[in-house]
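Novice: structure of the sequence below:
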Amino acid sequence: MGDAKSVSQGHSSYGDTPLENLKTFKVREWYDQGFVKCASRIASDYSTRNEITKGGVVTEGASVDTDQLFLTTTAITGVLNGRLFKIALIDDEDVLWPAAGESLRAMWANGTLETGSSSITLAAGSGSAATTAYVTVIVCNSDGSADADETDDDACGLLLAIIACDPDSDSGSEDYTDASDFLTSKQIQDALDASAEHKGTTGWVHLAEVEWKVAGDGTTVSTSITMNRNNVVSKA
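Specialist: All right, here's what the predicted structure looks like:
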């Protein structure tokens, strides 16, 4: 899996905690000056941190099909761009096309939302081969309208599922079989930046990675879920 760590953006590094960001700090001045800069860096990273502090266990929902990915999560609390958030328990919700509530409509790696000609349906490959869609689930502070929800503490964090595909594919021509792995943190940030709906996101954090598979018969569907809260498992 590609490594997108240590890449700086305005508010934080991709998917990293403050202490992980600090590892990129290099002292190039005498102690009295370098120490002050190091302390300022720690304070800045901590005040704009992104992390899940409790909950967020993701399990397969009761209804998983070739065109529906239902997931269940425990309640989540955490911090996005330094502001507290909480998400209530999500019970058996289709994260591709969720009802209004704790989740946003799924997005492809090129920034296109899951809708219309860009909708996903799992299908067997050539020679009746099984195929897999790689779906990364994050929590972000996007309001879904090109801005961030950070008006106050307890701001709204929302789940967002991002489907791996060729990031350079045109809108409407996305194909999950073009991807052979989950998106890196940098690719996730690029997708958010490319999205008309989510380009205003100022804070997000890894939650889980879901292998969504269909067998060679084209109908038998299964999932394999890896918890990746705060990017501590996969280091995407």
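Novice: so what touches stretch 83-94?
Specialist: 56, 61-63, 68-79, 99, 101-103, 139, 141, 150, 152-159, 203 (CB atoms under 8 Å, 6 or more residues apart in numbering). For every residue, glycine as well, the C-beta is placed using N, CA and C.
Novice: which of these count as buried?
Specialist: 56, 61, 68-71, 73, 76, 78-79, 102-103, 139, 141, 150, 155-159, 203 (16 or more other CB atoms under 10 Å).
Novice: any weak-confidence spans in the protein?
Specialist: Low-confidence segments of the chain (pLDDT under 70): 1-36, 38-39, 43-45, 47, 100, 116-118, 154-155.
Novice: list the beta-bridge partners for Ser222.
Specialist: Legend: beta-bridge partners of Ser222 under DSSP bridges are Lys213.
Novice: distance of it from Leu96?
Specialist: Distance check for Ser222 against Leu96: by CB to CB, to the nearest Å, it reads 16 Å.
Novice: which of those two has more residues huddled nearby?
Specialist: The neighbour comparison of Ser222 against Leu96 (other CB atoms under 10 Å) goes to Leu96, with 23 against 13.
Novice: hang on, that one is in a helix, isn't it?
Specialist: No - counting by DSSP: H, G, I helix; E, B strand; the rest coil, Leu96 is located in no helix; its state is coil.
Novice: spit out the contact partners of it.
Specialist: Residues near Leu96 by CB under 8 Å, 6+ apart: 67-69, 105-106, 114, 120, 161.
Novice: just the buried members of those?
Specialist: Buried by 16+ other CB under 10 Å: 68-69, 105-106, 114, 120, 161, out of those.
Novice: can you tell me which of those residues is closest to Lys213?
Specialist: Nearest to Lys213 out of the buried ones among the contacts of Leu96 is Leu69 (CB to CB; 11.0 Å).
Novice: hey, what's that closest one bridged with?
Specialist: The partner residues for Leu69, given DSSP bridges, come to Val64.
Novice: I'd assumed Thr223 was in contact with it.
Specialist: Yes - assessed by CB atoms under 8 Å, Leu69 is found in contact with Thr223 at 7.4 Å.
Novice: give me the common contacts of these two.
Specialist: Contacts common to Leu69 and Thr223, judged by CB under 8 Å, 6+ apart, are 210, 212.
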